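*Asks:* Sharing a model prediction with you, sequence too.
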Amino acid sequence: MRIGNDRRGDEFEINVVPLIDVLLTLLMFFVLTSTFIQHSRMQVTLPNASAQDRDMNAPALTIMIDRDGRYWVGSDAVPGEGIDALKQVIERNANGDHDRPVTIRADALSSHQSVVTAMDALGQLGFTRLSIATTPTKPGEAQ
């Protein structure tokens, strides 16, 4: 039989499992609800589809890419390979007007790298008004 109050012998325990559960729940909440922003180096202004916004004063510089990855700027074929030859022909045809709109016309079977190379050359030269030409699909045609 125990007589008296012998609580000095009892050890105190702090149960940290519920605290860890709460902290992990909060951590998961903040990770899942946070937004991850991917910053890009080049700001792209997306074009509008309205025909009234077109600038009719400056004719667009056209860059054409065939399925083999060859480039034409206007009616001039780009001699050689690489981005430097493309940049020289673009600069010669633009006559220093880097505010001029540029249209990239690529064959449907051309490589993605060819289009990106053309866009990279234009970005390095300072062109900001880029558009990619497409053709509308015909009704009943598979997309």
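*Replies:* Now that the structure is in, tell me what you want to look at.

*Asks:* From Ala118, how far out is Asn93?
*Replies:* 13 Å (C-beta to C-beta, to the nearest Å). C-beta coordinates here come from the backbone N, C-alpha and C atoms, glycine included.

*Asks:* And these two? Which one has more around it.
*Replies:* Ala118 (26 against 16; other C-beta atoms under 10 Å).

*Asks:* What helix or strand is the more buried one located in?
*Replies:* helix 112-125 (DSSP states H and E).

*Asks:* Residues in contact with that helix: which ones?
*Replies:* 42, 63, 65, 69, 71, 83, 86-87, 90-91, 94, 98, 102, 104, 106, 130, 132 (C-beta atoms under 8 Å, 6 or more residues apart in numbering).

*Asks:* Quickly run through the sheet partners of the helix or strand following it, with directions.
*Replies:* Remark: after helix 112-125, the chain's next helix or strand is strand 130-132, criterion DSSP H and E. According to DSSP bridges, strand 130-132 forms sheet pairs with strand 102-106 (parallel).

*Asks:* What residues sit buried inside the partner strand?
*Replies:* Val102, Ile104, Arg105, Ala106 (16 or more other C-beta atoms under 10 Å).

*Asks:* Next, format the residues you listed as TSV and append distance to Leu23 and pLDDT.
*Replies:* Shown next, in TSV, are these (distance: C-beta to C-beta, whole Å; pLDDT from 0 to 100):
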residue	distance to Leu23	pLDDT
Val102	54	92
Ile104	52	92
Arg105	57	91
Ala106	53	89
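
*Asks:* Could you dump the residues you listed into CSV and include distance to Ser114?
*Replies:* Listed next are these as CSV, based on distance: C-beta to C-beta, whole Å:
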residue, distance to Ser114
Val102, 15
Ile104, 10
Arg105, 12
Ala106, 7
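
*Asks:* Quick one: the strands in the protein, in order.
*Replies:* Using DSSP state E, the strands of the chain run over residues 61-65, 71-73, 76-77, 102-106, 130-132.

*Asks:* For those strands, give me TSV that also has distance to Ser34.
*Replies:* Shown next, in TSV, are the strands of the chain (distance: least, C-beta to C-beta, whole Å):
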stretch	distance to Ser34
strand 61-65	40
strand 71-73	43
strand 76-77	50
strand 102-106	36
strand 130-132	33
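
*Asks:* what's the closest of these to Thr33?
*Replies:* With C-beta to C-beta as the measure, strand 130-132 is the member of the strands of the chain nearest Thr33 (35.5 Å).
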